[in-house]
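K.L.:
model this:
(one chain, ligands or ions: 1)
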Amino acid sequence: MSDLVSIFLHLLLFKLVAPVTFRHHRYDDLVRMLYKVHNECPHITRVYSIGRSVKGRHLYVLEFSDYPGIHEPLEPEVKYVGNMHGNEVLGRELLLQLSEFLCEEFRNRNQRIVRLVEDTRIHIMPSMNPDGYEVAAAAQERDISGYLVGRNNANGVDLNRNFPDLNTYIYYNEKNGGPNHHLPLPDNWKSQVEPETQAVIQWIRSFNFVLSANLHGGAVVANYPYDKSLGHRVRGFRRTANTPTPDDKLFQKLAKIYSYAHGWMHQGWNCGDYFPDGITNGASWYSLSKGMQDFNYLHTNCFEITLELSCDKFPLQGELQREWLGNREALIQFLEQVHQGIKGMVRDENYNNLADAVISVGGINHDVTSGAHGDYFRLLLPGTYTVTATAPGFDPETVSVTVGPAEPKLVNFQLKRSTPQAAPKRKIPNSGHRGRVLPKKVQPRAARKKETMMKQPQRGPA
Ligand SMILES: [Zn+2]
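P.N.:
Below you'll find the predicted structure:
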């Protein structure tokens, strides 16, 4: 009898953990899938919403972390955003597959995935434009073909042309002197953007994201900033000119990591286009203004690339499995790229954490800042760099650092107050908008990492 109960329970369990099948998921289905993965892996996941679409649909995020909902100092935050164009649907399905894969492989103790989840806080948003998706999916079911049906949000706005235009400032600053990082938002920005864009801007301002990819379709190429060319405003035609960021070599590497781990992107010839190595500078392909990836780079610490993943924007269901197998390794390897360069804590003489300290790297005119907990992350290619930390009221500190190809180098700063009579500036982690404070029981990341590294040999592709 107990055997029968056991069989019944196993059948029930099997039904509960039945895999995300290779089919398209409408909104209700997508929400169910996110909660299904969360129910399968409750200790390493969290589902949260960053806001609502025009039609009131939630913009859901599935988070993976060994401490969901908590920022652990020195553990980087990384994100994937899919389906920003409602009719470009492959990214949405790939991110659902990825969610299930991370959960299952963690449960199977796949050491590569265990290490990734323990060392990284991963945020996955399968759809930034759920309203557009419903329009595209309905048209697909009625066999109404249209290249742009469902692309925009419910107000008819292209969300990847809807972010505040910060590029204009940097082109001005490049000529006249001035920063190209952490450029401020216009005062009235909320009235200029759509609800989905506003939710995403508030989201990316509230986490200290380090690395990101935005998943699209209609071509097969990894596209890196800038998207907007210098001569964008030339009347009558769109100037296309390679418009690199100060981090151009790093962005090219990030794009190549994806294209070469992808089944065929690196081959270059796809969808009737040719891109050497399967990568392109955005502006040199076609210039676009008010895009999300340029905004990430110019306003936050986040380095984002845009992945074009399929010739057909709405692939047939029968193609989804092949697409998943072609993208799986690339999706994992890209997440792993967040663990490179340098990272560390910025503190004062009394070991108080300093938020918003500026980390500058000699020769690269693009600074990053420390987060609310005083930790910073600076992606860098292998090499030797001069790195300076500065904070208002403190003397700058400069060190020389050699970065290797694998693990990020830990570089902490302890800044001395420049004016002894100044009031002590005490910055400690608070429970503000960046999430809950790390509980005392959590060990420092570096200590645990050393331990896991010693125990776990590196594994190849999962
Ligand atoms: Zn797109």
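K.L.:
residues contacting S289?
P.N.:
For S289, the residues meeting the contact criterion (Cβ atoms under 8 Å, 6 or more residues apart in numbering) are R161, D165, N167, D227, K228, H232. Using the backbone N, CA and C atoms, a C-beta is placed for each residue, glycine as well.
K.L.:
List phi and psi for the residue in the stretch 151-300 of the chain positioned nearest to the ion.
P.N.:
Nearest to the ion in the stretch 151-300 of the chain, going by Cβ to the ion, is H216, at a distance of 3.4 Å. Backbone torsions of H216, given as degrees, to the nearest 10, read phi -130, psi -170.
K.L.:
in the sheet, who's paired with it?
P.N.:
With DSSP bridges applied, H216 shows beta-bridge pairing to E308.
K.L.:
sorry, back to before: what subset of the contacts of S289 is also close to the ion?
P.N.:
Checking the contacts of S289 against the ion by Cβ under 5 Å from the ion, not one of them is in range.
K.L.:
residue closest to the middle of this protein?
P.N.:
Using Cα atoms, centre = their mean, the residue of the chain that lies closest to the mean C-alpha position is S212, 2.1 Å off.
K.L.:
pLDDT wise, what is it at?
P.N.:
Reading off the per-residue confidence, S212 sits at a pLDDT of 98.
K.L.:
just to revisit the earlier point, G91 is in contact with the residue of the stretch 151-300 of the chain closest to the ion, correct?
P.N.:
Yes. Under the criterion of Cβ atoms under 8 Å, H216 makes contact with G91 at 6.6 Å.
K.L.:
Can you pick out the residue with more neighbours from the two?
P.N.:
When H216 and G91 are compared for neighbours, G91 comes out ahead with 31 against 23, by other Cβ atoms under 10 Å.
K.L.:
Enumerate every residue touching the more buried one.
P.N.:
With contacts defined as Cβ under 8 Å, 6+ apart, the neighbours of G91 are Y80, G82, N83, P126, L215, H216, G217, L307, L309.
K.L.:
Might you enumerate the residues of this protein proximal to the ion?
P.N.:
Looking at the ion, the residues of the chain close enough under Cβ under 5 Å from the ion are H85, E88, H216.
K.L.:
doesn't L159 make contact with the first one?
P.N.:
Which is H85. Yes. Taking contacts as Cβ under 8 Å, H85 lies within contact range of L159: 7.4 Å.
K.L.:
Confirm that N350 sits in a strand.
P.N.:
No. N350: not assigned to a strand; according to DSSP: H, G, I helix; E, B strand; the rest coil it is coil.
K.L.:
The chain should start at 431 in everything you say after this.
P.N.:
In the new count, where the first residue is 431, that last one comes out as N780.
K.L.:
quick one: it and L845, what's the gap?
P.N.:
According to Cβ to Cβ, to the nearest Å, N780 stands 11 Å off from L845.
K.L.:
And E505, by the same measure?
P.N.:
Taking Cβ to Cβ as the measure, E505 falls 23 Å from L845.
K.L.:
Of H515 and L589, which one has the most company?
P.N.:
Taking other Cβ under 10 Å, H515 and L589 do not tie; H515 has more neighbours (27 against 24).
K.L.:
does the nearest residue to that one once chain neighbours are set aside sit in a helix or strand, and which one?
P.N.:
Once its chain neighbours are removed from consideration, H515 has its nearest residue in R581; the separation is 4.7 Å (Cβ to Cβ, 6 or more residues apart in numbering). According to DSSP states H and E, R581 maps onto no helix or strand at all.
K.L.:
Burial check on R581, number of neighbours?
P.N.:
Applying other Cβ under 10 Å, we find 23 residues neighbouring R581.
K.L.:
is it true that it touches N590?
P.N.:
No. Counting by Cβ under 8 Å, N590 is not a contact partner of R581; they are 9.3 Å apart.
K.L.:
Which neighbours do the two have in common?
P.N.:
Here R581 and N590 share the contacting residues H515, scored by Cβ under 8 Å, 6+ apart.
K.L.:
can you give me the helices for the stretch 781-892 of the chain?
P.N.:
With helices called from DSSP state H, counting those that start in this stretch, the stretch 781-892 of the chain shows them at 875-885.
K.L.:
can you check the chain too?
P.N.:
Applying DSSP state H to the chain gives helices spanning 432-446, 457-470, 520-537, 541-549, 560-571, 597-606, 619-622, 625-636, 678-691, 712-715, 722-729, 750-766, 875-885.
K.L.:
Those helices into TSV, with extra columns for distance to L809 and mean pLDDT?
P.N.:
Rendered in TSV, the data for the helices of the chain read as follows (distance: least, Cβ to Cβ, whole Å; pLDDT from 0 to 100):
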stretch	distance to L809	mean pLDDT
helix 432-446	39	53
helix 457-470	28	98
helix 520-537	21	98
helix 541-549	15	98
helix 560-571	31	95
helix 597-606	19	78
helix 619-622	27	95
helix 625-636	16	98
helix 678-691	6	98
helix 712-715	18	93
helix 722-729	11	97
helix 750-766	12	98
helix 875-885	17	36
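K.L.:
highest average neighbour count across the ones you listed?
P.N.:
Across these, the average number of neighbours (mean count of other Cβ atoms under 10 Å) peaks for helix 722-729, which reaches a mean of 25.
K.L.:
quick check: angle from it to helix 678-691?
P.N.:
Our comparison of helix 722-729 with helix 678-691, counting by axes from the mean of the first three to the mean of the last three Cα atoms, to 10 degrees, yields an angle of 140 degrees.
K.L.:
Give the other helices and strands that helix 722-729 contacts.
P.N.:
If you count contacts as 3 or more Cβ pairs under 8 Å, 6 or more residues apart in numbering; DSSP states H and E, helix 722-729 packs onto helix 597-606, helix 625-636, strand 639-646, strand 733-740.
K.L.:
Out of the ones you listed, which is closest to G712?
P.N.:
Shortest distance between G712 and those, using Cβ to Cβ, is found for strand 733-740: 6.8 Å.
K.L.:
Please enumerate residues in contact with the closest one?
P.N.:
Outside of strand 733-740, the residues that reach it under the criterion Cβ under 8 Å, 6+ apart are 518, 520-521, 524, 640-655, 657, 677, 680-681, 684-685, 688, 712, 721-723, 726-727, 749, 753, 757, 809.
K.L.:
ok, now stretch 691-705?
P.N.:
Stretch 691-705 is contacted by residues 648-652, 686, 688-690, 706-708, 715, 741, 755-757, 759-760, 762-764 when judged by Cβ under 8 Å, 6+ apart.
K.L.:
cool, stretch 825-844 as well?
P.N.:
504, 769-779, 781, 787, 807, 810-820, 845-848, 876.
K.L.:
hang on, L784 packs against G804?
P.N.:
Yes. With contacts counted by Cβ under 8 Å, L784 reaches G804, the gap being 5.3 Å.
K.L.:
quick one, what contacts the residue of the stretch 581-730 of the chain closest to the ion?
P.N.:
Taking Cβ under 8 Å, 6+ apart as the definition, contacts of H646 comprise M514, H515, E518, G521, N590, T736, L737, E738, L739.
K.L.:
Can you read off the pLDDT for the closest residue to the fifth one other than its chain neighbours?
P.N.:
In other words, N590. Distances taken as Cβ to Cβ, 6+ apart put G721 closest to N590, at 5.1 Å, once the chain neighbours are dropped. On the pLDDT scale, G721 is placed at 96.
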